[in-house]
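A.B. asks: Need a 3D model of the following:
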Amino acid sequence: MIKEKLSKKNWFIITLFCFMGGIAWNTENMYFNTFITNEIYADVSQSAIMGSMEAVTAVSRMVALSAIAAVLTTFVMGALSDRLKNRKMFISVGYILWGIVTAMFGLISKENVANLFNLTDEAKILGCTVWFVILMDIVMTFMGSTSNDAAFQAWVTDVTVPRQRPAVETVLSVVGTISSFAVTGVGSFVQAGTISYKLFFGVLGLVVTLCGVLGLFLIKDPPRTLQQEASSNYWADLFYGFRPSVIKENSKLYLTLAAFCFAIVAFQVFYPYLLTYVQYVVIPDNGGVENLLKAPVIITAVVVAVVVLALIVTMLKLSTKKKGFCLTAGVVVLTLGFLLLSTSTSIYIILISIVPVVLGNALVNILFGAAVKDFIPEGKAGLFQGIRMIFVVLIPMIIGPFIGETACKYAARTIINEANAEVIVPAKDMFLWAGIVCVFALIPLYFLIKKGLDTKETEKAV
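C.D. replies: The predicted structure is shown next:
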């Protein structure tokens, strides 16, 4: 039986692997996209772009195919980790290989691809390089989804009980945010040209690999994982979550995932393009980096950070008694933040918008994430990781970036690259569409609240 209090060792493992997983995921989700715009499309001609694809299209396709790879991997490897009853090896070896593939990304260039495939036509070189980037992203996703989405997330579910999960999800969310800031901080030197993408990917890949090595010595599978019974039919396990009887029996889980899905789709409308948007739209529209480092902007940013932190803590405390209200508030506030972002590129409007966006996103991720773990049936964490991935990765990362790409093309904001060619870059219109999508999360959330947010465990306790 799992203790009511997590051990210090398990807290350390959760924090470490969440942080390092966040390093890898944020490197992929944020900087592979800027790598395409800043490196692959930096010096290509207009004819090469017309003969292959736009940069925003390349990003959209990469994100979508990565999502498909992530979900298929989680289905297969999640069920396999349940059957083999050894999440430790899936996590540790997966992180080791995840880091290696991340480091290899820095070796990709148009010159290397042209030499590898003996190409001379510029359009073909551009197209092949883009698809080579996408292929490597899929390989990296396989490693990350095996170790993090399929095994680590299931391991966290295994070692926790419902009473612990809001606290665990809070830590996961905070640590994930910190890892995002860490990657962005280092990545800013890449975007400024101070360090190369090769060095950036190499160093971050190395630290992720070292984390996997540590996992071989630190992680221990809990008794529940070792004792749970696996189905005699592996293929039946893969499709377990699609059975009508399973969906009906676990309706709260699927309603939670549906509401969560809409919120994440909204986020994915702009997230793959965010750093490119900042680099090519926000910074120029505000007079350059120098103007963004002036005292009024810094003071406003600090005030915003304090306000956001205070509001998150207050709402999370309130969520222990009014979870339904806080979930609804999270979705509504997130929607309002997106709509506000769509009105202006002014740094002050953006900073003010950060308050509802970060607050709403924190509430949505923490409370929905905890609810998903709560509603997963005892001993079947691995079987449901693939289902979770469909709702939180596959659908959002296919639909969201496509909506964002369409919004960017419609706005037609462009830059001129080194070869004097026009390259489409993201525009603020994408936030408007994000807000519209986010509203739809309220529909399944309404039915979930009607059914009640109590788990079977809490219902028995009452």
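A.B. asks: How about L274: what's its closest non-neighbour residue?
C.D. replies: M30 (7.2 Å; C-beta to C-beta, 6 or more residues apart in numbering). All C-beta spots, glycine's among them, are computed from the backbone N, C-alpha and C.
A.B. asks: now the strands for the stretch 351-462 of the chain?
C.D. replies: Assigned by DSSP state E, counting those that start in this stretch, the stretch 351-462 of the chain shows strands spanning 414-416, 422-424.
A.B. asks: Can you name every helix or strand that the last one contacts?
C.D. replies: For strand 422-424, the elements it packs on are helix 55-84, strand 414-416, judged by 3 or more C-beta pairs under 8 Å, 6 or more residues apart in numbering; DSSP states H and E.
A.B. asks: Ok, which of these comes nearest L204?
C.D. replies: Nearest of these to L204, taken as C-beta to C-beta: helix 55-84 at 17.4 Å.
A.B. asks: in the helix or strand that comes right after that closest one, what counts as buried?
C.D. replies: Under the assignment DSSP states H and E, the closest C-terminal helix or strand after helix 55-84 is helix 87-104. Residues 87-103 are the ones in helix 87-104 that count as buried (16 or more other C-beta atoms under 10 Å).
A.B. asks: Check which helices and strands helix 87-104 is in contact with.
C.D. replies: Judged by 3+ C-beta pairs under 8 Å, 6+ apart, helix 87-104 is in contact with helix 8-26, helix 55-84, helix 122-144, helix 153-158, helix 197-218.
A.B. asks: could the ones you listed go into TSV alongside mean neighbour count, mean pLDDT and distance to L172?
C.D. replies: Below are these laid out as TSV (neighbours: other C-beta atoms under 10 Å; pLDDT from 0 to 100; distance: least, C-beta to C-beta, whole Å):
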stretch	mean neighbour count	mean pLDDT	distance to L172
helix 8-26	20	91	5
helix 55-84	23	82	17
helix 122-144	20	91	16
helix 153-158	24	82	8
helix 197-218	18	93	15
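A.B. asks: To V174, which of the ones you listed lies closest?
C.D. replies: Proximity of the helices and strands packed on helix 87-104 to V174 was assessed by C-beta to C-beta; the nearest stretch is helix 8-26, lying at 9.2 Å.
A.B. asks: just checking, next helix/strand downstream of the closest one?
C.D. replies: helix 32-35.
A.B. asks: can you list the residues that contact stretch 21-28?
C.D. replies: With contact meaning C-beta atoms under 8 Å, 6 or more residues apart in numbering, stretch 21-28 is reached by 66, 95, 98-99, 102, 137, 140-141, 144, 147-148, 152, 175-176, 178-180, 182-184, 187, 200-201, 204-205, 207-208.
A.B. asks: Apart from its chain neighbours, what residue comes closest to Y277?
C.D. replies: P426 (4.0 Å).
A.B. asks: can you put the strands of the stretch 351-462 of the chain in CSV and add mean neighbour count?
C.D. replies: Compiled in CSV, those are given as follows (neighbours: other C-beta atoms under 10 Å):
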stretch, mean neighbour count
strand 414-416, 14
strand 422-424, 18
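A.B. asks: Turn these into CSV, including mean pLDDT and distance to L442.
C.D. replies: Converted to CSV, the strands of the stretch 351-462 of the chain look like this (pLDDT from 0 to 100; distance: least, C-beta to C-beta, whole Å):
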stretch, mean pLDDT, distance to L442
strand 414-416, 83, 36
strand 422-424, 83, 32
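A.B. asks: Find the nearest non-adjacent residue to G400, please.
C.D. replies: Once flanking residues are discounted, G400 sits nearest to Q268: 2.6 Å by C-beta to C-beta, 6+ apart.
A.B. asks: Identify the residues contacting that neighbour.
C.D. replies: Q268 sits in contact with V63, P396, M397, I399, G400, P401, G404, where contact means C-beta under 8 Å, 6+ apart.
A.B. asks: M397 is in contact with the first one, correct?
C.D. replies: What it means is V63. Yes - the pair V63 / M397 is scored as a contact, 5.1 Å apart, by C-beta atoms under 8 Å.
A.B. asks: count of residues packed around V302?
C.D. replies: Residues lying near V302 (other C-beta atoms under 10 Å) number 10.
A.B. asks: Distance of A370 relative to S7?
C.D. replies: For A370, the distance to S7 equals 20 Å [C-beta to C-beta, to the nearest Å].
A.B. asks: between those two, who's got more neighbours?
C.D. replies: Set side by side, A370 and S7 show more neighbours around A370, with 24 against 10, by other C-beta under 10 Å.
A.B. asks: Would you quantify the distance from the more buried one to L453?
C.D. replies: Distance, A370 to L453, by C-beta to C-beta: 10 Å.
A.B. asks: for S179, same thing?
C.D. replies: As judged by C-beta to C-beta, S179 and L453 stand 29 Å apart.
A.B. asks: quick one, which of the two is more surrounded?
C.D. replies: Using other C-beta under 10 Å, the more surrounded residue of S179 and L453 is S179, with 20 against 17.
A.B. asks: does the more buried one really touch F19, like I thought?
C.D. replies: Yes - with contacts counted by C-beta under 8 Å, S179 reaches F19, the gap being 4.9 Å.
A.B. asks: so what sits against both of these two?
C.D. replies: Counting by C-beta under 8 Å, 6+ apart, no residue touches both S179 and F19.
A.B. asks: Now distance to R165 too, for the contacts of Q268, in TSV please.
C.D. replies: Compiled in TSV, the contacts of Q268 are given as follows (distance: C-beta to C-beta, whole Å):
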residue	distance to R165
V63	29
P396	22
M397	25
I399	28
G400	26
P401	30
G404	31
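A.B. asks: Could you pick out which of those are located in helices?
C.D. replies: Among the contacts of Q268, the ones falling in helices (DSSP state H) are V63, P396, M397, I399, G400, P401, G404.
A.B. asks: quick one, what contacts the last one?
C.D. replies: With contacts taken as C-beta under 8 Å, 6+ apart, G404 has the following neighbours: V56, S60, Q268, V269, F270, P272, Y273, P426, M430, W433, A434.
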